[in-house]
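1. I would like to see how this sequence folds:
(chains A and B)
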Amino acid sequence: AQTVTQSQPEMSVQEAETVTLSCTYDTSENNYYLFWYKQPPSRQMILVIRQEAYKQQNATENRFSVNFQKAAKSFSLKISDSQLGDTAMYFCAFMKYGGATNKLIFGTGTLLAVQP
Amino acid sequence: GAGVSQSPSNKVTEKGKDVELRCDPISGHTALYWYRQSLGQGLEFLIYFQGNSAPDKSGLPSDRFSAERTGGSVSTLTIQRTQQEDSAVYLCASSPTVNTEAFFGQGTRLTVV
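-> Coordinates of the predicted model:
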């Protein structure tokens, strides 16, 4: 079974600075996706960034980038130039590729507070 | 609508009563998922629909929980004889097909008193 671990329950960063959120996972699969989702107080989960395991190049989306270390089973999220609107709960998630279900396996989340 | 819509947004019910939670996926999305988010917890998978069938119900916590999907569109999650431990946010997500991004609704916050 796959597991996802986020070891930082809460983090804080000053506006305009950079912060890194950690995520590790455990799987015996070779083909899978990894995701970071953001959940603001509105409760709606918003996809921040995704990474296909077969791609060696780290994904980037504007101020968001990942450090994907497949051998170490690590998938951290870096947020550059943090903005107040980045304040939210961040979830790391795993999805097996080609599975019958494609369900997401989530970590327990990291609450990020961006301070003015 | 453009996104996944869930209703009601909030629901308070008495212990022992039945509740129904509704999910309207994005039009054309064949895959639909229900997740549960308990206080301080991550999201827990409940059930997956492909069209109207549910090939994976492995996450349903007990036989008090059931779900159906009709017309390949709207889905209803039913909880019978609610218990206090059922209190949580229930999130629905849909995706165009398998192996694609899931889009989430805003969830239903269920409180059992």
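2. Excluding chain neighbours, give the residue nearest to residue B:96 in space.
-> In space, and not counting its chain neighbours, residue B:96 is closest to residue B:29: 5.5 Å by C-beta to C-beta, 6 or more residues apart in numbering or on different chains. Bear in mind the C-beta positions are built from the backbone N, C-alpha and C, glycine included.
3. Same question for residue B:15.
-> Spatially, and ignoring its direct neighbours in sequence, residue B:15 is nearest to residue B:112 (5.5 Å; C-beta to C-beta, 6+ apart).
4. Residue B:37 too?
-> Closest residue to residue B:37 apart from its sequence neighbours, by C-beta to C-beta, 6+ apart: residue B:89 at 4.4 Å.
5. For chain A, which residues are neighbours of chain B?
-> Residues of chain A found near chain B (C-beta under 8 Å from any C-beta of the partner chain) are A:4, A:33, A:37, A:42-47, A:50, A:91, A:93, A:97-109.
6. Buried subset of these, written for PyMOL?
-> With 16 or more other C-beta atoms under 10 Å in any protein chain shown as the burial test, the buried ones among those are selected in PyMOL as follows:
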select buried, chain A and resi 4+33+37+43+44+45+50+91+93+101+102+103+104+105+106+107+108+109
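7. for the chain, what are the low-confidence residue spans?
-> This is for chain A. Regions of chain A meeting the criterion pLDDT under 70 are absent.
8. not what I meant, chain B
-> B:1, B:40, B:98-99.
9. Spatially central residue for it, please.
-> residue B:34 (3.6 Å; C-alpha atoms, centre = their mean).
10. Tell me who's in contact with the residue nearest to residue B:15.
-> Going by C-beta atoms under 8 Å, 6 or more residues apart in numbering or on different chains, residue B:112 touches B:13-15, B:82-87.
11. and with 10 Å instead?
-> Shown in contact with residue B:112 (C-beta atoms under 10 Å, 6 or more residues apart in numbering or on different chains): B:11-17, B:19, B:79, B:82-88.
12. Over to residue A:11?
-> For residue A:11, the contact set (C-beta under 10 Å, 6+ apart) comprises A:19-22, A:79, A:90, A:110-114.
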